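Peer 1: This is the structure alone, sequence omitted:
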């Protein structure tokens, strides 16, 4: 038999699972794995300067047997002179109310409880008793359900609790303060049983672990024995595969994060909770990174979602690679991907995009494809707003219109500005009654530079590649002769300042704090 204590000590040091003089919560069910873990950590606590706190959760599923397990763990901890917290959860009710499987509800309840105990004990590390056989089962389970590298690498020696896909948003955020560590992850179940026998430990046995209605138990008791007929070392092969893929995952993860930093723009939840990728940049990536960025966007927008449907991702992937502007594909959990002129949008199905992030990374701030000064968005309108001329008008959502009068002679000859939300208009031509409104059916526009040629407003918006979802509420400045300015995009030919202009309206749409005009 291996020197299990020496092997675990080396594993702990290799993966830096603990820090000296650290409080550690040890999750103990009373079974062989967790009892072995607690016994070992207690033996190593002196040399590693660990302060242990035992935690046991009664899942409320096995009646008197579960109560006896809790009593056993409390007594075992007391025998070692360790503090112990016993908790209870109604996993059956949680499963029903949250629409989770019994296994998933138990998992979520367990990690929530362990985090609560860690908080109370002043600990940031939670040790659990997962072993090498558990790792083999996990890898096989993920393979059968369909998984990428993230799932096939199995469990890690050390994982931030915040990375777990917990349904409770507050718990997910709080989970970032704690790490789950697995000191027995390299130890086979048979060696754990031998250790317990050698040290006179008498663990409790949960008969539900024999119940093959649970998926993991079917793998353990039915599928793995069959696979061992083909290769007796299948468990070791699966654990070795997990170790290799964990290393590969780090490389892929670094590539995804680098591409994300270059190509992604994120609209916060207050603005719709959407992700935008520069379309040209995304399409230039290798296929694997394209797929990885789509999955990353889904994870960031739906943090509690554990399983992403392969078919949905693949359909979206190939649509984004080969499709045309305006096409959409369903993703997961109420999300969709839409192809824009300059960007891919991933967000809630049917929701208009957040204008702040339709700007494509890498475009100049004054480019007509950038919807807003510096990517600040647009003052979308639900109806007309009469403007103070001259003066300042609040437009809502942090936007305001500022109009100032100036003589043409007081302004520079070249009125070009880098700010798309500033326009210079001939005051006599546009008049003193100015209104902002969204477009109306039949609207026509005479863009400056087209010698008075008019066109349908929608045709102009298409020509300048304004995304379809933004057109209905895009702000238009209306003067005496009609549309004087398609805000942020183009002044009308009839409203433009010419050599004969004497008085000028300087019109600005401004977002944020500023002095009154």
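Peer 2: Perfect, I can see it now. Quick caveat, the model's predicted, so the values are computed rather than measured.
Peer 1: Run the chain-centre distance for stretch 220-238.
Peer 2: Mean C-alpha position of stretch 220-238 versus that of the full chain (C-alpha atoms, centre = their mean, to the nearest Å) differs by 36 Å.
Peer 1: List the buried residues for it?
Peer 2: Buried positions in stretch 220-238, judged by neighbour count with 16 or more other C-beta atoms under 10 Å: 220, 224, 227, 234, 235, 238. Glycine gets a C-beta too; all of them are placed from N, C-alpha and C.
Peer 1: so the nearest residue to residue 328 once chain neighbours are set aside, which of the three states?
Peer 2: Counting by C-beta to C-beta, 6 or more residues apart in numbering, residue 328 lies nearest to residue 338, which is 4.6 Å off, once chain neighbours are set aside. Three-state call for residue 338 (DSSP: H, G, I helix; E, B strand; the rest coil): strand.
Peer 1: likewise residue 316?
Peer 2: The assignment at residue 316 comes out as helix when based on three-state DSSP.
Peer 1: right, and it touches residue 331 too?
Peer 2: Yes - between residue 316 and residue 331 there is a contact under C-beta atoms under 8 Å: 5.6 Å.
Peer 1: anything in contact with each of the two?
Peer 2: Residues touching both residue 316 and residue 331 (C-beta atoms under 8 Å, 6 or more residues apart in numbering) are 294, 337.
Peer 1: In this protein, where's the longest helix?
Peer 2: Determined from DSSP state H, the single longest helix within the chain is helix 234-263.
Peer 1: Quick check: mean pLDDT of it?
Peer 2: Mean pLDDT, taken over the full extent of helix 234-263, equals 94.
Peer 1: Tell me the pLDDT of residue 516.
Peer 2: Taking residue 516 on its own, its pLDDT is 41.
Peer 1: wouldn't the residue nearest to residue 328 be in contact with residue 349 here?
Peer 2: No - Residue 338 sits out of contact with residue 349 when judged by C-beta under 8 Å, with a separation of 9.6 Å.
Peer 1: between these two, which one's more packed in?
Peer 2: Taking other C-beta atoms under 10 Å, residue 338 and residue 349 do not tie; residue 338 has more neighbours (26 against 12).
Peer 1: residues contacting that one?
Peer 2: Residue 338 makes contacts with 326, 327, 328, 344, 345, 347, 353, 469, as judged by C-beta under 8 Å, 6+ apart.
Peer 1: which ones are touching the nearest residue to the second one once chain neighbours are set aside?
Peer 2: The shortest distance from residue 327 to any residue other than its chain neighbours is 5.1 Å, reached at residue 339 (C-beta to C-beta, 6+ apart). With contact set as C-beta under 8 Å, 6+ apart, residue 339 has these partners: 279, 319, 320, 323, 324, 325, 326, 327, 328.
Peer 1: Make TSV from those residues and add secondary structure and neighbour count to it.
Peer 2: Listed next are the contacts of residue 339 as TSV, based on DSSP: H, G, I helix; E, B strand; the rest coil; neighbours: other C-beta atoms under 10 Å:
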residue	secondary structure	neighbour count
279	helix	19
319	helix	17
320	helix	23
323	coil	16
324	coil	7
325	coil	14
326	coil	12
327	coil	12
328	strand	15
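Peer 1: No further questions, thank you.
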